[in-house]
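S.K.: sequence? don't have it. structure:
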């Protein structure tokens, strides 16, 4: 594979950054230590501008090429936050913060983009400007949305934006991507069922919210099975159900919650309408009532066709023709890079993490072997998109 030689030399240093970040995980927007580390490295590399506090705790570094005649500005994005999980890797660089760990590889994403930024600062072999974007709160809170709302694209005149995420199970040295919907929109539903409590021995004098909730769960499952086109993808999962405190008492109310995942806006809207109808009508049919709190989460991660095709070509130049899957099936997980792709055309690509534990698993660890490949992808993308004329 045509890996940039500089990354073989830098491997120990970049993996050292990754492991240092891994040992000190931070959640959500509270990534001040990580953001400070990133900003410090970018300044050391000689970035032309380093800006902190974008989207609360995001960091942006600007790197100008040897020429700027093209006027092009490309954004490259990595995420910095960790997860509230107790680590079980047993690695020497395991988390030193109780109950927090980098279980999604954001430590590796940050380290790879830092490595690419250093190389780009050294060579500047391109015509234009690169904005390296380090965002907080991908796992929760919508850091991507907050950075966009804070003027990320306008302030730095970003014209296109690219993201990368590691993928366990995809072999090392392989990339995967697709044009169009890559990852799902993720919404949260909370249902409160109101009944009439009383003694469990006299259910006829009560309105049982548990029974109503059970009927709601069953009815909701029919939405995807019977009202959504079988060729469209959607998931509705009720994941919590809480009611009552004693085995001889019928509760006054029940609380349910879950998630809805969809790949296109029309399906998303149709499912919301149908869930409202089901929740209200089922509760009413059994003599009770129910309220639905439907909260829109991350939108669909939608890869733009031209930028996706370009990313495919770059990945093939790094990994080889047979190591890039250009039409993977969409994934029903969600990703807040979606907000950046709504603001500017671009594409997200997956990089194989090999045979590792899955994302969000306590035994997961980012595979340092893929660092040179990820760094090389970033540098090749910049140099190919903004070639420096002789």
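M.R.: Arrived safely, thanks for sending. From a predicted model like this one, the values you see are computed outputs, not experimental measurements. Numbers count the residues shown, from 1 in each chain.

S.K.: flag the shaky bits of the stretch 101-250 of the chain, pLDDT-wise.
M.R.: Low-confidence segments of the stretch 101-250 of the chain (pLDDT under 70): none present.

S.K.: hey, where'd the helices end up in it?
M.R.: With DSSP state H, counting those that start in this stretch as the criterion, the stretch 101-250 of the chain has helices at 106-123, 143-149, 152-155, 209-227.

S.K.: could you break the protein into its assigned domains?
M.R.: Domains of the chain are assigned by automatic domain parsing as 5-181+300-385, 185-295.

S.K.: and the longest helix belonging to the chain, which residues are buried?
M.R.: Scanning the chain for the helix with the most residues, using DSSP state H, yields helix 265-285. Residues 267-268, 270-272, 274-275, 278-279, 282-283 are the ones in helix 265-285 that count as buried (16 or more other Cβ atoms under 10 Å). Yep, even glycine has a C-beta here, placed from its N, CA and C like the rest.

S.K.: so which elements touch it?
M.R.: Here helix 265-285 touches strand 185-194, helix 209-227, strand 234-243, strand 253-262, strand 289-295, going by 3 or more Cβ pairs under 8 Å, 6 or more residues apart in numbering; DSSP states H and E.

S.K.: do you know which of those lies nearest residue 340?
M.R.: Closest to residue 340 of these is strand 185-194 (Cβ to Cβ; 15.0 Å).

S.K.: can you pull the buried residues of that closest one?
M.R.: Residues 185-187, 189, 191-193 are the ones in strand 185-194 that count as buried (16+ other Cβ under 10 Å).

S.K.: ok, now stretch 296-306?
M.R.: 297-304.

S.K.: pull up the distance across it, start to finish.
M.R.: Distance across stretch 296-306, first residue to last, is 28 Å (Cα to Cα, to the nearest Å).

S.K.: and it, average pLDDT?
M.R.: In this model, stretch 296-306 has a mean pLDDT of 98.

S.K.: ok, back up a step: what's the most buried one of the domains of the chain?
M.R.: Across the domains of the chain, averaging neighbours per residue (mean count of other Cβ atoms under 10 Å) puts domain 5-181+300-385 on top, at a mean of 20.

S.K.: how far off centre is that one?
M.R.: Distance of domain 5-181+300-385 from the chain centroid (Cα atoms, centre = their mean, to the nearest Å) equals 11 Å.

S.K.: and the end-to-end length of it?
M.R.: One end of domain 5-181+300-385 to the other measures 20 Å (Cα to Cα).

S.K.: on that earlier part again, farthest pair in the buried residues of stretch 296-306?
M.R.: Maximum distance among those (Cβ to Cβ): 21.5 Å, for 297 and 304.
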